[in-house]
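Q: build me a model from this:
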Amino acid sequence: MRAFLQRCEVRLSTVHRVATALLSGAGILVLLPALQRDAIETVMRSFMTGTLTVPKALLAATVALSVGLSLTLVWLVVKQLTQFYFHANHISRKGEETFTPRFTLTGLRLPAGELSAASVIVASELRAEQRNLDLLVPANTRGRNRIDKQLDAYPALRHDQRTDGERVEALLELAASRTRSLLEEAVKVELGLVRHVLRLQVVVLRYVKALLVVVTTVLATYISSAATGAATESSIADQRWIAATYCMWAPMVILSATAPVRWIESLLRAEGATGSSVRNDPEFTRVENIASYVAIVAWALSAAASVALLFDGSTSPRAFSAGITTTACSAALLAVAIRVWRRSEPVVA
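A: Numbers count the residues shown, from 1 in each chain. Coordinates of the predicted model:
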């Protein structure tokens, strides 16, 4: 059991290193503000300068939706990472029950039964010594008051008069540091590893989807910024380019957001599966559902702007044909993307 617990500690350390790599922002948290800032500013200023027309308003809303989608996906990744690092801690005392947050790694106490009777007595005496209690409870009134306020926030830990020893025991409860036997510790680690692995795979999948959507959005923003160039106000031709860009951006976002699940399904088929139920897992598909709905709304806005620009009275036959062709192609690509997104798979028995 001791060897098993050592292996589990190494595995937990590896799992947390993966989560820390995502939390460090090596990707979307750095990529989004660094690459989007100037391009978004250029495009939005071109819409807000001069007379505000219907196509300008529709395109500004489309660009805002694309940026909002990127920020929403980053928000979901950070939220999932936060929930990965914290769990609920159930405390029951004197008929009171309280759920407190605790860090994903609990405190450790020496397993029961590992010491002789004499050593247990000595360990208890050492834990009660003031010099050891001072490690958790400062030997001053201000520090004790701060800890008392923290403990009083939870009904099961409230107490009128506390000794330093009682404060230490309560803090151990907050850290989920409980005395267990060696066997109980091994079982706890078994279940904890399962929880870590299941949550981490959702975090990684959300991160990959968010990264793909951000890269697709950055590309669309750069094209739109190139269309406006150095002009303060966007011309009708510039607006047509931007409308066409976002008409194509919407289906590409759906295909990008759904790609990781398709990759996983292809991996399962390569292993011999005749079908996959991955897309039926709500934890795996929440991000792509949000991205797909937002992309459909953005496509409708950009398509409406494109149609309005085609019938502004100053459109040449060549530009009119190009606009109709682009809108039709983007609509066909959107239909394919929606089909890929909503495609049902037989559930593996």
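
Q: next one: residue 237 from residue 309, what distance?
A: 9 Å (Cβ to Cβ, to the nearest Å). In short, each C-beta sits where N, CA and C put it, glycine included.

Q: compare neighbour counts for the two and give me the winner.
A: When residue 237 is set against residue 309 and neighbours are counted by other Cβ atoms under 10 Å, the residue ahead is residue 309, at 26 against 13.

Q: element containing the more buried one?
A: Using DSSP states H and E, residue 309 sits within helix 282-310.

Q: quick one: mean pLDDT for that helix?
A: The predicted model assigns helix 282-310 a mean pLDDT of 87.

Q: flag every buried residue along it.
A: For helix 282-310, the neighbour count (16 or more other Cβ atoms under 10 Å) marks 284-288, 290-292, 294-296, 298-299, 301-306, 308-310 as buried.

Q: can you name the next helix or strand after it?
A: helix 317-342.

Q: which other helices and strands contact that following helix?
A: helix 236-270, helix 282-310 (3 or more Cβ pairs under 8 Å, 6 or more residues apart in numbering; DSSP states H and E).

Q: what angle do it and helix 236-270 make?
A: Going by axes from the mean of the first three to the mean of the last three Cα atoms, to 10 degrees, helix 317-342 is angled at 30 degrees with respect to helix 236-270.

Q: buried ones in helix 317-342?
A: 323, 326, 327, 330, 333, 334, 337, 338, 340, 341.

Q: any chance of those residues in a markdown table, plus pLDDT and distance to residue 102?
A: Shown next, in a markdown table, are the buried residues of helix 317-342 (pLDDT from 0 to 100; distance: Cβ to Cβ, whole Å):
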| residue | pLDDT | distance to residue 102 |
| --- | --- | --- |
| 323 | 67 | 58 |
| 326 | 74 | 54 |
| 327 | 74 | 54 |
| 330 | 78 | 49 |
| 333 | 78 | 48 |
| 334 | 79 | 46 |
| 337 | 79 | 42 |
| 338 | 79 | 42 |
| 340 | 78 | 41 |
| 341 | 77 | 38 |
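
Q: closest one to residue 166 out of those, please.
A: Proximity of the buried residues of helix 317-342 to residue 166 (Cβ to Cβ) peaks at residue 341, which lies at 56.3 Å.

Q: am I right that residue 102 is in a helix?
A: No - counting by DSSP: H, G, I helix; E, B strand; the rest coil, one finds residue 102 to be strand, located in no helix.

Q: from here on, call the first residue 29.
A: That works, and once the first residue is 29, the last one we named lands at residue 130.

Q: from residue 203, how far off is the spatially closest residue to it that is not a sequence neighbour?
A: Counting by Cβ to Cβ, 6 or more residues apart in numbering, the nearest residue to residue 130 once its immediate chain neighbours are dropped is residue 117, at 3.9 Å. Look at residue 117 and residue 203: by Cβ to Cβ, they are 8 Å apart.

Q: try residue 359
A: According to Cβ to Cβ, residue 359 and residue 203 sit 57 Å apart.

Q: give me the neighbour count for residue 282.
A: Neighbours around residue 282, by other Cβ under 10 Å: 29.

Q: oh, I was asking about residue 194
A: For residue 194, using other Cβ under 10 Å, the count is 14.

Q: and for residue 184?
A: Residues within reach of residue 184, counting by other Cβ under 10 Å, total 18.

Q: do you know the pLDDT at it?
A: Looking at residue 184, the pLDDT reads 84.

Q: helix, strand or coil for it?
A: Using three-state DSSP, the structure places residue 184 in helix.

Q: show me the contacts for it.
A: 119, 120, 121, 122, 124, 125, 126 (Cβ atoms under 8 Å, 6 or more residues apart in numbering).

Q: again, only using 10 Å
A: Each residue near residue 184 by Cβ atoms under 10 Å, 6 or more residues apart in numbering is listed here: 118-128, 198, 201.

Q: so how do I select the buried members of those in ChimeraX?
A: The ChimeraX command for the buried members of the contacts of residue 184 (criterion: 16+ other Cβ under 10 Å) is given here:
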select :119,126,128,198,201
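
Q: please narrow the contacts of residue 184 to those residing in helices.
A: 198, 201 (DSSP state H).

Q: can you put the contacts of residue 184 in JSON lines and add pLDDT and distance to residue 46?
A: Below are the contacts of residue 184 laid out as JSON lines (pLDDT from 0 to 100; distance: Cβ to Cβ, whole Å):
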{"residue": "118", "pLDDT": "86", "distance to residue 46": "27"}
{"residue": "119", "pLDDT": "86", "distance to residue 46": "30"}
{"residue": "120", "pLDDT": "82", "distance to residue 46": "34"}
{"residue": "121", "pLDDT": "79", "distance to residue 46": "36"}
{"residue": "122", "pLDDT": "72", "distance to residue 46": "41"}
{"residue": "123", "pLDDT": "74", "distance to residue 46": "41"}
{"residue": "124", "pLDDT": "78", "distance to residue 46": "38"}
{"residue": "125", "pLDDT": "82", "distance to residue 46": "34"}
{"residue": "126", "pLDDT": "85", "distance to residue 46": "32"}
{"residue": "127", "pLDDT": "87", "distance to residue 46": "27"}
{"residue": "128", "pLDDT": "87", "distance to residue 46": "26"}
{"residue": "198", "pLDDT": "88", "distance to residue 46": "33"}
{"residue": "201", "pLDDT": "87", "distance to residue 46": "29"}
